[in-house]
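Asker: Sequence plus predicted model, see below.
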Amino acid sequence: MLKELSIRDFKLLRDVTLTFSDGMTVLTGETGAGKTQCLEALVAAMGARSGDDSISKKAQKAVLTAIFDIGHRPDVAKSLVKAGFLEDDETELILERTIVRCGRSQGRLNGRRVPIGTLQTVAGSLVDLLGQNARADILNRPALEILDTLGDDSHASRLAKVKQLHTDWKAAGRTYETEKAEIEKVKERRELVEFQHAELEKADIKAGEEVKLTRENELLETAKDRLEDSLKAASLLSGNDDETTGARDHLQEALDLLNNLMASDLALKGEYLRLREMVYLSEELADTLRRYAENIVDDPERRSYVEARLGVIHQLKRKYKTDEDGLISLRSKLTEELEKVTGASDRLKGLAKKRDFAREKYLKDAVALSKARSKLAKKISKEVKNHLADLDLPNATFTAKLDSELENPKNFRADGIDRAVLLIATNPAQEPAPLKKVASGGELSRLLIALKTVLANRDRVPVLVFDEAEAGIGGETAFRVGEKLVELSGSHQLILVSHLPQIASQGRGHWVIEKSMDKKDTRASAREVTGDARVEEIGRMLGARGDRAALERLARSFLEELPRKSTVSP
């Protein structure tokens with residue numbers, strides 16, 4: 001529940017702190033005193049959009065702090081513990097919002113800086129605001145959405161599953177249509193694709209082939225010259241069979257001379273050894289060159305083939321304006337396109353089967369959801385009718401009418417196959433008709449309270465905030481509305497702005513919002529009233545004219561005689 005709301009420099013509320021207990025707390029005061037601003041401050045603390053006009057004049061920032069006890073929402077507490085905002089045994093949650101003039105708003109959760117969106121998410125699970133436009137919301141909000149809101153957790157799960165199945169079905173349909181369009185596109189250019197594919201298949205270009213052939217062609221072009229040069233070099237090193245001397249012979253002769261010199265002087269031993277190595281090296285080099293010459297291929301036919309093959313590759317590169325890798329990639333792409341056409345029929349049949357299967361799964365669950373809605377509609381209609389009777393509409397009938405559209409696939413939507421309309425008749429002479437046509441402001445107010453009472457047993461949001469829920473009602477009806485709100489406060493904490501003494505007198509807590517003005521400033525303040533002070537405030541709400549003592553006696557009778565039903569802490 002909401003324990004405390006602290007407001008600093010928000011509009012007319014310069015320094016106001018409101019405390020709340022369980023049950024129903026009412027805010028009263030003269031028109032324009034700032035009651036609604038208190039609720040706006042709460043909403044702003046929860047992360048609602050607020051601009052510079054929310055900040056009091058002469059102030060540079062507004063600071064709003066809402067303190068909650070979330071002991072009755074263990075699911076929320078668990079998620080906050082996991083996120084590091086609470087300790088395991090903590091239940092106090094502090095939401096703080098700072099609105100800075102000409103600057104960015106700041107949000108804090110238990111002292112930790114958080115995005116404003118985080119405040120909105122957390123607060124959304126704790127507080128539900130029914131503002132002055134809530135009655136318009138009943139008229140404009142889709143009836144099917146209202147009906148689904150009144151379902152339990154299992155109904156919500158069933159609805160979520162239908163939405164997911166609808167998404168899956170539509171996705172399968174898009175996949176089928178995309179594939180079909182691509183196949184049609186390929187069919188239109190099939191002749192060209194087949195020709196290009198055949199051309200590239202015939203060429204059968206391999207990765208790296210161009211580089212390899214270019215190198216081979218260079219070797220074939222120089223084969224004669226390389227053969228002649230290698231054999232000549234070998235001959236110069238080792239001589240020929242015709243007894244022509246070579247470098248090796250001259251080196252051997254020099255080696256023999258050094259050997260003779262060493263007989264007299266060993267100082268030349270090192271030179272002798274190096275020269276001997278040169279003799280061996282020259283022999284080895286000559287052998288290597290002869291072997292190299294033996295492996296040289298001078299093949300005019302191979303050279304013609306390599307040149308022709310390179311010509312094919314270069315011609316295709318020019319034609320398709322790409323390199324060797326691009327030609328190989330294009331060949332694969334064209335192969336895939338032809339395979340699409342070749343196996344198109346079977347593939348489309350498979351995709352159509354998946355699409356139809358997804359459709360059947362959706363329809364199966366959508367029909368089950370429709371049946372569940374039909375049961376829910378009957379149950380809700382009965383419950384709302386009973387609550388309307390409690391709210392001084394004893395002859396009212398309320399019907400959530402459903403029409404299934406199973407025969408029209410165009411109406412298969414993410415939320416199912418149903419259309420809904422909320423019908424009401426407030427007296428026996430009336431035929432049930434849509435809310436917009438027959439419901440007055442007071443009747444809409446009571447219908448809203450009846451719906452919220454029905455929802456109370458299913459809704460996990462612990463705090464309900466009403467801004468003038470009693471619009472369009474008065475007299476004995478107002479007493480009935482107050483009693484229904486007290487009943488609702490047995491399962492939820494209620495905070496409401498009221499102008500009716502019949503309702504205000506039934507609150508467990510009571511705050512009066514007052515506005516003061518002088519030449520320099522206008523501000524609003526809040527005071528909690530009990531005892532005689534509360535009697536005085538209820539008397540003021542009864543009217544400023546007439547016998548003041550009589551009004552206060554009447555006010556006291558309101559406070560003393562009306563039952564207090566809000567005994568369960570939300």
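Answerer: Okay, I see it. Numbering: from 1, shown residues only.
Asker: use CA for all of it now, contacts and neighbours both
Answerer: Will do.
Asker: remind me which residues of the stretch 451-570 of the chain are low pLDDT?
Answerer: Along the stretch 451-570 of the chain, segments meeting pLDDT under 70 span 457, 459, 544-546, 561-570.
Asker: ranges for the strands of it?
Answerer: With strands called from DSSP state E, counting those that start in this stretch, the stretch 451-570 of the chain shows them at 463-467, 493-497, 509-517, 522-528.
Asker: Would you mark the buried spots in the host helix or strand of L119?
Answerer: Element membership for L119, per DSSP states H and E: helix 116-124. Neighbour-count burial for helix 116-124 flags 116, 118-120, 122-123 (criterion: 16 or more other Cα atoms under 10 Å).
Asker: Just the C-alphas of whatever helix or strand comes next after that helix, formatted as CSV.
Answerer: Using DSSP H and E, the helix or strand that follows helix 116-124 towards the C-terminus is strand 127-130. Provided in CSV are the C-alpha atoms of strand 127-130 (Å, rounded to 0.1, in the frame of the first residue of the first chain):
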residue,chain,number,x,y,z
VAL,A,127,-1.1,1.8,-8.5
ASP,A,128,-4.1,2.1,-10.9
LEU,A,129,-5.4,5.6,-11.5
LEU,A,130,-9.0,6.3,-12.6
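Asker: re earlier: reformat the strands of the stretch 451-570 of the chain as TSV; add mean neighbour count and distance to L444.
Answerer: Converted to TSV, those look like this (neighbours: other Cα atoms under 10 Å; distance: least, Cα to Cα, whole Å):
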stretch	mean neighbour count	distance to L444
strand 463-467	22	14
strand 493-497	27	17
strand 509-517	19	26
strand 522-528	18	30
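Asker: Let's have those strands in JSON lines, adding distance to D547.
Answerer: Putting the strands of the stretch 451-570 of the chain into JSON lines (distance: least, Cα to Cα, whole Å) gives the following:
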{"stretch": "strand 463-467", "distance to D547": "30"}
{"stretch": "strand 493-497", "distance to D547": "26"}
{"stretch": "strand 509-517", "distance to D547": "22"}
{"stretch": "strand 522-528", "distance to D547": "25"}
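Asker: quick one, helices of the stretch 301-450 of the chain?
Answerer: 324-342, 344-390, 435-438, 441-456 (DSSP state H, counting those that start in this stretch).
Asker: Distance from the chain centre to the shortest one, please.
Answerer: Same thing as helix 435-438. On the basis of Cα atoms, centre = their mean, to the nearest Å, helix 435-438 sits 37 Å off its chain's mean C-alpha point.
Asker: Listing request: residues of the stretch 51-200 of the chain with sub-threshold pLDDT.
Answerer: 131-137.
Asker: M262 against K269, yeah?
Answerer: Yes. Contact criterion Cα atoms under 8 Å: M262 and K269 qualify, at 6.7 Å.
Asker: Which strands and helices lie in contact with the helix or strand encompassing V26?
Answerer: If you go by DSSP H and E, V26 is part of strand 24-28. If you count contacts as 3 or more Cα pairs under 8 Å, 6 or more residues apart in numbering; DSSP states H and E, strand 24-28 packs onto strand 493-497, helix 501-504, strand 509-517.
Asker: go again using 10 Å as the cut-off
Answerer: helix 35-45, strand 463-467, helix 475-488, strand 493-497, helix 501-504, strand 509-517, strand 522-528, helix 531-542 (3 or more Cα pairs under 10 Å, 6 or more residues apart in numbering; DSSP states H and E).
Asker: Mind putting those into CSV with distance to H72?
Answerer: Listed next are the helices and strands packed on strand 24-28 as CSV, based on distance: least, Cα to Cα, whole Å:
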stretch, distance to H72
helix 35-45, 20
strand 463-467, 11
helix 475-488, 16
strand 493-497, 11
helix 501-504, 26
strand 509-517, 20
strand 522-528, 26
helix 531-542, 30
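Asker: Any idea which of the ones you listed gets closest to L130?
Answerer: Among the helices and strands packed on strand 24-28, the nearest to L130 by Cα to Cα is strand 463-467 (4.9 Å).
Asker: Next, the angle helix 35-45 makes with the closest one.
Answerer: Computed by axes from the mean of the first three to the mean of the last three Cα atoms, to 10 degrees, the angle separating strand 463-467 from helix 35-45 equals 140 degrees.
Asker: For strand 463-467, give me every contacting residue.
Answerer: 1-2, 22-27, 35-36, 39-40, 42-43, 68, 125-134, 449, 452, 456, 488-489, 491-498, 570 (Cα atoms under 10 Å, 6 or more residues apart in numbering).
Asker: at 6 Å what do you get?
Answerer: Strand 463-467 is touched from outside by 127-132, 492-497, with contacts defined as Cα atoms under 6 Å, 6 or more residues apart in numbering.
Asker: Check stretch 160-167 too.
Answerer: So stretch 160-167 is in contact with 362, 414-415, going by Cα under 6 Å, 6+ apart.
Asker: quick one on the thing from earlier: make CSV from the contacts of strand 463-467 and add distance to R8 to it.
Answerer: Listed next are those as CSV, based on distance: Cα to Cα, whole Å:
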residue, distance to R8
V127, 21
D128, 23
L129, 21
L130, 24
G131, 22
Q132, 24
H492, 27
Q493, 24
L494, 23
I495, 20
L496, 21
V497, 20
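Asker: Just flag the most distant two among those residues.
Answerer: Q132 and H492 (19.8 Å).
Asker: If you count surrounding residues, which of these two has more?
Answerer: H492 (28 against 15; other Cα atoms under 10 Å).
Asker: Pretty sure the more buried one sits against P462.
Answerer: Yes. At 5.1 Å, H492 counts as touching P462 under the criterion of Cα atoms under 6 Å.
Asker: hang on, the earlier thing: ok, which of the strands of the stretch 451-570 of the chain comes nearest P142?
Answerer: strand 463-467 (21.4 Å).
Asker: How far off centre is that closest one?
Answerer: With Cα atoms, centre = their mean, you get 29 Å for strand 463-467.
Asker: what does stretch 408-423 give?
Answerer: The answer for stretch 408-423 is 25 Å, by Cα atoms, centre = their mean.
Asker: average pLDDT for that stretch?
Answerer: Stretch 408-423 carries an average pLDDT of 90.
Asker: what about that stretch, start to end distance?
Answerer: 24 Å (Cα to Cα, to the nearest Å).
Asker: Same list, the helices of the stretch 301-450 of the chain, but as JSON lines with mean neighbour count and distance to S525 please.
Answerer: Converted to JSON lines, those look like this (neighbours: other Cα under 10 Å; distance: least, Cα to Cα, whole Å):
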{"stretch": "helix 324-342", "mean neighbour count": "17", "distance to S525": "76"}
{"stretch": "helix 344-390", "mean neighbour count": "18", "distance to S525": "36"}
{"stretch": "helix 435-438", "mean neighbour count": "16", "distance to S525": "39"}
{"stretch": "helix 441-456", "mean neighbour count": "21", "distance to S525": "29"}
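Asker: Could you pull up the residues touching the closest residue to A400 other than its chain neighbours?
Answerer: Nearest non-adjacent residue to A400, counting by Cα to Cα, 6 or more residues apart in numbering: L422, 4.7 Å away. Counting by Cα under 6 Å, 6+ apart, L422 makes contact with 399-400, 434.
Asker: how does it look with 8 Å?
Answerer: Taking Cα atoms under 8 Å, 6 or more residues apart in numbering as the criterion, L422 is in contact with 143, 398-401, 433-435.
Asker: R331 against A198, yeah?
Answerer: No. Look at R331 against A198 with Cα under 8 Å: they stay out of range, at 9.0 Å.
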